[in-house]
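Engineer: sequence and computational prediction follow.
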Amino acid sequence: MTTPAFFQGRGSPVVERPGDEFWWHSTPLPTGVRTKSKQESQENQFLMWDAICGATPDGFGAKSVLDIGAADGFFAIAAAAAGASRVDAIDLAYIGWPHNLKFLSQQWNIPIHIMTGDFRSYNFERRYDVIFFLGVLYHLEDVFGVFRILHNLLNCRGSVIIETQVSQNDSEFPMFEMASDLFPSTVGQGIEAIDNVGVSNYLVPNKLAIYQLAHMYRFKCHEKIRCSYTDNFPLRHFYVFDKLPDDAARWDPREIAGAQVAGG
């Protein structure tokens, strides 16, 4: 199978502000260059994509995908390039949205269904096979209600792929560490942005809190994915939540959780 041209752009030269916008993602363009990310590393998105592919061994062929908090749209474009039958992307009107994703969609001639709004209250017209939930969880004020929403947005046996900051506080209890600008915490809160939805940090989970969320909202959670991305950023983990059928028993994470606690 021929590798789509989008993925052949890995490692290509970076250029400043194509489309006259700042870019959060370093994303290939068909001209043989990549957008220059505001992040320190220009390789983060492809390292994350490697992890996502490791989480989806069946690939994206004929699957519908929702990218929540899509930012510049690297992962939406990548899912479509990998064969997804439909890709929807949603974010709030931050700098570059939806201009950057529209620019990428036109450059690659890849259709992406773009929605602007808060996914928590957006009136979605369909369910999805895969939901990307990358770098979103710790920006939520209402984490529990959100996982009920995610469950309802999935088709039967669909999956949520989660990338998140995790707590440095190694506890034997499931816990969410509150982000703070005043006290020691894994991440600062960013109180100056508290009124801008999706910008400030709120609750940072440990591994057992992730397992507890899966148990509560009828998912089965895969262990975190070990990959180059998490090796480079050990306080950021990947998890996969697989939706359980309505008549299935809730997933019991105690055996795997015990191993995690004992092993650190």
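Structural biologist: Received the coordinates, thanks. Bear in mind that the values here come from a model prediction, so they are computed numbers and not experimental data.
Engineer: per-residue confidence for the residue nearest to Ala71 when sequence neighbours are not counted?
Structural biologist: Counting by Cβ to Cβ, 6 or more residues apart in numbering, Ala71 lies nearest to Trp24, which is 4.9 Å off, once chain neighbours are set aside. The way it works is simple: take the backbone N, C-alpha and C, and place the C-beta from them, glycine included. Trp24 is assigned a predicted lDDT (pLDDT) of 91.
Engineer: okay, now Trp24: neighbour count?
Structural biologist: Look at Trp24: counted by other Cβ atoms under 10 Å, it has 22 neighbours.
Engineer: could you do Ile194 as well?
Structural biologist: As a burial measure, Ile194 scores 12 neighbours (other Cβ under 10 Å).
Engineer: which residue is the nearest non-sequential neighbour of it?
Structural biologist: Using Cβ to Cβ, 6+ apart, the nearest residue to Ile194 is Ser200, at 4.9 Å.
Engineer: got the contact list for that neighbour?
Structural biologist: Remark: with contacts taken as Cβ atoms under 8 Å, 6 or more residues apart in numbering, Ser200 is in contact with 139, 179, 189-191, 193-194.
Engineer: one more time with 7 Å, if that's ok
Structural biologist: 139, 189-191, 193-194 (Cβ atoms under 7 Å, 6 or more residues apart in numbering).
Engineer: hang on, the residue nearest to Ala71 packs against Asp72?
Structural biologist: Yes - using Cβ atoms under 7 Å, Trp24 is in contact with Asp72, at 5.3 Å.
Engineer: so for whatever helix or strand His237 lives in, mean pLDDT?
Structural biologist: His237 belongs to strand 236-243 when assigned by DSSP states H and E. Per-region confidence: strand 236-243 scores 96 on mean pLDDT.
Engineer: got the contact list for it?
Structural biologist: Residues outside strand 236-243 that contact it (Cβ under 7 Å, 6+ apart): 51, 55, 151, 154, 156-166, 210, 214, 218-222, 224-225, 230.
Engineer: tell me which entries of the residues you listed lie within helices.
Structural biologist: For these, the ones inside helices are 51, 55, 151, 210, 214, 230, with DSSP state H as the criterion.
Engineer: ok, these vs Gly11, which is closest?
Structural biologist: Ala51 (17.6 Å; Cβ to Cβ).
Engineer: ok, the closest residue to the closest one other than its chain neighbours - contacts?
Structural biologist: Excluding its sequence neighbours, the residue lying closest to Ala51 (Cβ to Cβ, 6+ apart) is Cys227, at 4.2 Å. The neighbours of Cys227, taking Cβ under 7 Å, 6+ apart as the test, are 47, 50-51, 54.
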